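Visitor: Sharing a sequence plus its predicted fold:
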Amino acid sequence: MIRVAVLALVLLPLAACGGDEASSPSEEPSASTSEPAPPPRQSPQVLTEADSGARVALPTGGETSLRLSSEWIWDEPLVDGNAVQLAVVNYIQDPGFSEWIVMAVEPGEATITSSGTAACAGQDGCAVGPQDFQVKIIVEQ
């Protein structure tokens, strides 16, 4: 119930900021020597750091969750592109991950990135380096 209320509070101001601006999807230059990217797979209900490097598809108006493990201290995810927006989900009790709702707002592409540092950093026996997360979302009509 709290999650729904928080999500409603986050989405209400976003809806008020909507406009009729048309934008074209970002285009990446293609080199003749590179292989074409594999087709995006349908987005799972939950994206995790295990999905890093994936290309996933969402329909316009669709949603998925992004959950990054508490084993890492993650930077706030950044979105490159206008096709998706992120809304943080706040929990009263720590569920063992940080979560954001990924909302597909317009056709196109967007890349979500974040970097994490091992939560055990600085402790004896913690030899884990930084973790990078990146997923490309293709929003279809």
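Guide: Cool, got the structure.

Visitor: Skip ahead from the lowest-mean-pLDDT helix or strand in the chain and say which helix or strand is next.
Guide: Within the chain, no helix or strand scores below helix 2-16, which has a mean of 42 by mean pLDDT, DSSP states H and E. Next along the chain after helix 2-16, taking DSSP states H and E as the criterion, comes strand 41-42.

Visitor: Which residue of this protein lies farthest from its centroid?
Guide: D124 (32.1 Å; Cα atoms, centre = their mean).

Visitor: what helix or strand does that residue sit in?
Guide: Using DSSP H and E, no helix or strand contains D124.

Visitor: give me phi/psi at E106?
Guide: phi -160, psi 150 (degrees, to the nearest 10).

Visitor: what about the closest residue to it other than its chain neighbours, distance to A104?
Guide: Sequence neighbours aside, A83 is the residue nearest to E106 in space, at 5.7 Å (criterion: Cβ to Cβ, 6 or more residues apart in numbering). (Each C-beta comes from the backbone N, C-alpha and C, glycine too.) Using Cβ to Cβ, to the nearest Å, A83 is found at 7 Å from A104.

Visitor: shared neighbours, these two?
Guide: 137, 139 (Cβ atoms under 8 Å, 6 or more residues apart in numbering).

Visitor: doesn't A50 fall inside a helix?
Guide: Yes: the assignment for A50 (DSSP: H, G, I helix; E, B strand; the rest coil) places it in a helix.

Visitor: Give me the pLDDT for it.
Guide: We note a pLDDT of 93 for A50 in this prediction.

Visitor: same check, this time on S70
Guide: pLDDT, S70: 93.

Visitor: what about it, how many neighbours?
Guide: Using other Cβ atoms under 10 Å as the criterion, S70 is surrounded by 14 other residues.

Visitor: Is the residue most central in space within the chain bridged to anything, and to what?
Guide: What sits nearest the mean C-alpha location of the chain, by Cα atoms, centre = their mean, is I112, with 4.5 Å. I112 has the following beta-bridge partners by DSSP bridges: V79, V135.
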